[in-house]
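# Mind folding the following:
(3 chains)
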Amino acid sequence: MGTSRPARAGQYLALLAYLVFLAFPFLWLVSTAFKAPRELGDLHPTWIPKDPGLDNFRQAFDEQPLLQAAGNSLIAACSAALIAVAVATPMAFVMARHRSRLTTAATGWVVVSQAFPFVLVIIPLFLILKNLHLINSLPGLIMVYVVWSLPFALWMLVGYVRAVPPELEEAAAVDGASRLRTLVSVTAPLLAPGLVATALFAFITAWNEFFFALVLLKSPEKQTLPVILTHFIGAEGVADLGPLAAAAFLATLPSLVIFAIIQKRITGGMLAGAVKS
Amino acid sequence: MNSATKKGDTGRRGPSRRGSATTGGATDFGTWFLVLPALIPILVLSVGPLLYGIALAFTDSQSGRTAPTQWIGTLNFSDLLHDTLFWDSFRIGLLWAVGVTIPQFLLAMGLALLLNQNLRFRWLARALAIVPWAMPEVVVGIMWRLVYNPDAGILNETLRTLGFGEGRDWLTGLATALPAVILVGIWAGMPQTTVALLAGLQNTPHELHEAAALDGAGAWRRFRAVTWPALKPIALSITALNLIWNFNSFALVYVLTSGGPGGRTRLPMLFAYEQAFRYGQFGYAAAMGCVMVAVISVLLAVFLAGRLKGGADE
Amino acid sequence: MRVRRLPAALAATALLLTGCSAAERGPDEHGVITLRFQSLAWQKESVDINKRLVAEWNEAHPKVRIEYVQGSWDNVHDQLLTSFEGGEAPDIIHDASDDLADFSYGGDLADLTDLLPARLRADIPQRSWSTATFGNRIYGVPFLQEPRVLIANARLLKASGVRIPTPGAPWSWEEFRQVAKKLTEDMGANRYGVAWPLKEPVSATLNLGLSAGGELFRKDDDGKFRIRFTEDDAVVPGTVHNQVNTDGSASSATLGMGGSDTLPGFFGGKYAMVPLGFSYRQQINEQAPKGFEWTVLPAPAGKDGPAQGVSPQTLSVAEDSPYKKEAVEFIDFFLQPRNIVRLAKGDWMLPTGTEALKDPSLRTAKDGWATGTALAAHLRPAPAQAVRGYPEWKDKVATPAYQEYYSGAIGEAELRQRLEEDGNLVLARYQR
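Alright, predicted model coming up:
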């Protein structure tokens, strides 16, 4: 509104610089995906493929069950995101509003769980899931993803909850609403941007997660995309670059599309309205 | 266990200011109702394995089934004390963590502010901005290896086209390897930070912004006076988490350099990973993990002290 | 309160952990048993052949079903380690001999010595068996291997008029150095006679070092391995070091590259020769620009001839598998000479089996097959892969030391000192 013309131009320029920096490896990935094998060995690579074709995509689909893996990934990532947000929000609410030893313990857990080498946690986790008969099953993997994204979810949500003016909740409490009611009808709507950001985080983390999926899933028909992607990589890190790029490009799309659709929610300006009313 | 914890909780909640002020015993049940869905999976799938992992640090646990595991007290820790290679990698890890986290935060802040402006094609810019995050880590590593390739990489190719000489061997030069991987680290972690900050920016009361603008406050003044106070809790949380994550990241560097050249990019997590998964020395690796946790805790304690104080003021 | 919750959580965990027992497995209601075969086949042709062989077996053996599981070279070690610790490993395991030592010593793999059929024992030469033998027990069946060869730009080689080596008369290391120098002079500025892709410097150096009599690891009278870096051990590293730092005939930029990273420069005429594994021919065949002429030359030879070390691909059986006999029967079927020829061609590698090696399709001059086949008799077990502590020595001591030596940051004296002193400290910890 009050921004001057040169300032606007500067903003666009800065944004462009950001996007070039952030997106160019992706554009390179796209370019690689459409190149023929012969062009991949070129000493002077070009951005635009000289002889673009879909061979890499065809080969990728031919060699690996990409669609099935994408379906598994989608189920795992969506469930993990929804469950993580559903269980983390109430706890974050309690942590943010009541300083108790629980808060301290939870904070400590967040630090330890993120700072301790996860490779050492995998084996006991494996044994526990085995006893719960959750090895080689998507529900087991989803539970692991939920727990794995909780530290971030809790920490961020606590921050978002703290930023919601407590007066609103207190007003509701005076009106006689229960804690849960307050949470659902007053706090949650104000938290919407934070909830969406958290869900997105959980989704992308689960969508890209590799090691747990590798270790916990055995049957070929249950594998997720990141594990399937490594099947394009051979001994000594030799990659079947064309099909790998094609498959990786497709694997990246869902996250981008979902984000393009929900990005408005993250900055929907809901709070401004709520405070006014 | 359930009733015991509940009773304990009631006893402990007394001093808590707001908890006792608003409601009585009924809410305690309500509180637990709110907390349990997250707490149970955390206890079973995270705290359990973590305690097990930490306990390993006091054993001589190894891979395979031939050698029985024994408690060996703090022997692993005293060995670790003399492991100069580990402390070298620790130094590299700190350099890397700070070198990635700070630029990451500053750049992400700038980007979040831009994306919060009412610019055209904002939706597209936002979607493109999360590209690094949306790409699987293995693929990110491979793509950047292609970018840095001394012969056919686009980085050197661009430098040559622009007339900046023949370029360098970025990932394998003893001097350039660490800066080169740090750049990838910044790149890879920016979207998360940006999205978190972008969501946080929504807590800035719009009216205050307008009022400040009417008062003739410059952009920087408005940021300091209005935006930053509202954003601070989020900014602190995400920076603290970034610091932990970065200190502990290794998959990216593993694909890029495997810790080379000459150990110049061997992060502590990579070190612990090799110890556990390459050489099967679970006990020793767990001890490394404990030391890493301890150091990070100290680092964060300083950081969190400020955060908690800030929280107490609200 | 806190004191009470912690033991409770611990107790719950302990309950879960101790309740752990080996998975119950047995025939299903029709008496059919199922074995999991985890293959690392990667090239499309080789995956197809693997799957076809499994289908053929299932057709012929309705009571013993094999389930094909796709693994990946990229993460096989981590995945197997976790599976073994959790007691969920596949029954039949595809891997490489240099990855087997710890699993064998750790008791995760089955001892196959008495299970292997006589045909298979006789078909594969003893020097191949010894790659997968640890403590006199056989833990894997070595079936495919690849020597390191020099892949060269035929035109540049012809133009400079150097002697073209053959498996019968390979270059000596000194001759190789002169040839690289000559090529570099003929090629012009910023071009190099040779590109050494040494992302993994240790295995490349040790394997090629065998030709010059380099052993590095020596077993002392007390039965313990110690590292002694002799003059013979210095031949191959010295050649590389001098090519990069003295002659300027090898590019320093490729030292940290993997094999495939050097290919654009090779195709673009920037490098005349690249030492690569035999199977890289597949990639070159696929990516080389039209009209690019390449040829396969034997690696240089030292006083021990064209000898070099290899770590063959192997098939093993998990110790936990209740169906070891059936698993070995499948391996025997899988590795019939006619099948192994298909596998070798699919992966562009050499079979270990003598019968399969006689196949005429592996002896054609096309794509350099004949050169590789002629080298097969000179392939020996990679040095030190059976030495306990080798992986740690490799990562922590040898890799950085060789990397710094090749790039010119340190000299031979310091290389020797680090390999020996730091190295023997690591080995001592494993051989107490």
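# doesn't C:P201 make contact with C:K394?
No: at 9.5 Å, C:K394 and C:P201 do not qualify as touching, with contact defined as C-beta atoms under 8 Å. Where C-beta positions appear, they are placed from N, C-alpha and C, glycine not excepted.
# So for those two, which sits in the more crowded spot?
More crowded of C:K394 and C:P201, by other C-beta atoms under 10 Å in any protein chain shown: C:P201, with 25 against 22.
# Which pLDDT does the model give that one?
Predicted confidence (pLDDT) for C:P201: 93.
# just B:A240 next, same as before
pLDDT, B:A240: 87.
# and it, how many neighbours?
Look at B:A240: counted by other C-beta under 10 Å, it has 22 neighbours.
# what helix or strand is it on?
Assigned by DSSP states H and E, B:A240 belongs to helix B:228-248.
# Quick test: name the residue nearest the centre of chain A.
Residue closest to the average C-alpha location in chain A (C-alpha atoms, centre = their mean): A:I204, at 1.7 Å.
# contacting residues for the closest residue to B:R122 other than its chain neighbours?
Excluding the flanking residues, the one nearest B:R122 by C-beta to C-beta, 6 or more residues apart in numbering or on different chains is B:L115, at 6.6 Å. Residues counted as contacts of B:L115 (C-beta atoms under 8 Å, 6 or more residues apart in numbering or on different chains) are A:L15, A:T267, B:R122, B:A125, B:R126, B:A129, B:T194, B:L198.
# one more time with 10 Å, if that's ok
B:L115 makes contacts with A:15, A:18, A:263, A:266-267, B:122-123, B:125-126, B:129, B:194-195, B:197-198, B:201, as judged by C-beta atoms under 10 Å, 6 or more residues apart in numbering or on different chains.
# mind checking the SS state of it?
The three-state label given to B:L115 by DSSP: H, G, I helix; E, B strand; the rest coil is helix.
# Let me see the contact set for the residue lying closest to B:V255 once chain neighbours are set aside.
Nearest non-adjacent residue to B:V255, counting by C-beta to C-beta, 6+ apart: B:G141, 2.7 Å away. Contacts for B:G141 (C-beta under 10 Å, 6+ apart) come out as A:G237, B:M135, B:V181, B:V184, B:A188, B:A251, B:L252, B:V253, B:Y254, B:V255, B:L256, B:T257.
# mind redoing it with 8 Å?
Counting by C-beta under 8 Å, 6+ apart, B:G141 has contacts B:A251, B:L252, B:Y254, B:V255, B:L256.
# ok, and the most crowded of these?
Of all the contacts of B:G141, the highest neighbour tally under other C-beta under 10 Å goes to B:L256, namely 23 neighbours.
# List the ones among the contacts of B:L115 that fall in helices.
A:15, A:18, A:263, A:266, B:122-123, B:125-126, B:129, B:194-195, B:197-198, B:201 (DSSP state H).
# ok, C:Y430 - how many residues close by?
Other residues close to C:Y430 by other C-beta under 10 Å number 18.
# My guess is it contacts C:R388. True?
Yes: counting by C-beta under 8 Å, C:R388 is a contact partner of C:Y430 at 4.2 Å.
# What distance do you get for the residue nearest to B:V255 to A:L229?
Counting by C-beta to C-beta, to the nearest Å, the separation of B:G141 from A:L229 is 12 Å.
# Could you list the residues of the stretch 51-200 of chain B in contact with chain C?
Within the stretch 51-200 of chain B, the positions near chain C by C-beta under 8 Å from any C-beta of the partner chain are B:51-52, B:62-66, B:85, B:138, B:145, B:149-152, B:166, B:169, B:171-172, B:174.
# which among those residues end up buried?
B:51-52, B:62-64, B:138, B:145, B:149-152, B:169, B:171-172 (16 or more other C-beta atoms under 10 Å in any protein chain shown).
# Compute the distance between the closest residue to the residue nearest to the centre of chain A other than its chain neighbours and chain C, please.
The shortest distance from A:I204 to any non-neighbouring residue, by C-beta to C-beta, 6+ apart, is to A:S255 (5.3 Å). Counting by C-beta to the nearest C-beta, to the nearest Å, the gap from A:S255 to chain C is 22 Å.
# for the helix or strand where A:L141 lies, which positions count as buried?
For A:L141, the element it lies in under DSSP H and E is helix A:138-163. Across helix A:138-163, burial judged by 16+ other C-beta under 10 Å covers A:138, A:140-163.
# filter those down to the ones near chain B?
Residues of these in contact with chain B (C-beta under 8 Å from any C-beta): A:143-144, A:146-148, A:150-152, A:154-156, A:158-160, A:162-163.
# C:V69: helix or strand, and which one exactly?
Element membership for C:V69 (DSSP H and E) is strand C:64-70.
# picking up where we left off before, take the ones in helices among the contacts of B:L115 and lay them out in JSON lines including neighbour count.
Below are these laid out as JSON lines (neighbours: other C-beta atoms under 10 Å in any protein chain shown):
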{"residue": "A:L15", "neighbour count": "21"}
{"residue": "A:Y18", "neighbour count": "21"}
{"residue": "A:Q263", "neighbour count": "24"}
{"residue": "A:I266", "neighbour count": "24"}
{"residue": "B:R122", "neighbour count": "17"}
{"residue": "B:W123", "neighbour count": "14"}
{"residue": "B:A125", "neighbour count": "21"}
{"residue": "B:R126", "neighbour count": "23"}
{"residue": "B:A129", "neighbour count": "27"}
{"residue": "B:T194", "neighbour count": "28"}
{"residue": "B:V195", "neighbour count": "31"}
{"residue": "B:L197", "neighbour count": "23"}
{"residue": "B:L198", "neighbour count": "25"}
{"residue": "B:L201", "neighbour count": "20"}
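# Report the lowest-confidence entry in the residues you listed.
Of all the ones in helices among the contacts of B:L115, A:I266 has the smallest pLDDT value, namely 72.
# residue in the stretch 301-432 of chain C nearest to chain B?
C:P400 (4.1 Å; C-beta to the nearest C-beta).
# Please disregard the earlier target; I meant the stretch 1-150 of chain A.
Residue nearest to chain B within the stretch 1-150 of chain A (C-beta to the nearest C-beta): A:P90, separated by 3.5 Å.
# what pLDDT does the residue of chain B found nearest chain C get?
Across chain B, the shortest distance to chain C (C-beta to the nearest C-beta) belongs to B:G64, at 2.0 Å. Reported pLDDT at B:G64 in the predicted model: 81.
# is it fair to say it lies in a helix?
No: the assignment for B:G64 (three-state DSSP) gives coil, which keeps it out of a helix.
# thought it was touching C:D102?
Yes: at 7.0 Å, B:G64 counts as touching C:D102 under the criterion of C-beta under 8 Å.
# tell me, what's touching these two both at once?
Shared contacts of B:G64 and C:D102 (C-beta under 8 Å, 6+ apart): B:G280.
# Domains of the chain: list them as residue ranges, please.
Using chain A. Chain A is divided into the following domains under automatic domain parsing: A:1-53, A:65-276.
# my bad, the chain I had in mind was chain C
Using automatic domain parsing, chain C is parsed into the domains C:31-139+C:313-351, C:148-310+C:384-430.
# hmm, back to that, grab the nearest non-local neighbour of the residue of the stretch 301-432 of chain C closest to chain B.
Using C-beta to C-beta, 6+ apart and skipping the chain neighbours, the partner closest in space to C:P400 is B:G262 (4.1 Å).
# close to chain A, is the helix holding B:A240?
Yes: using C-beta under 8 Å from any C-beta, we find that helix B:228-248 touches chain A at B:A230, B:P233, B:I234, B:L236, B:S237, B:I238, B:A240, B:L241, B:I244, B:W245, B:F247, B:N248.
# Reformat those residues into TSV and put distance to chain C next to each item.
Converted to TSV, those look like this (distance: C-beta to the nearest C-beta, whole Å):
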residue	distance to chain C
B:A230	35
B:P233	26
B:I234	29
B:L236	26
B:S237	25
B:I238	29
B:A240	24
B:L241	24
B:I244	23
B:W245	20
B:F247	21
B:N248	17
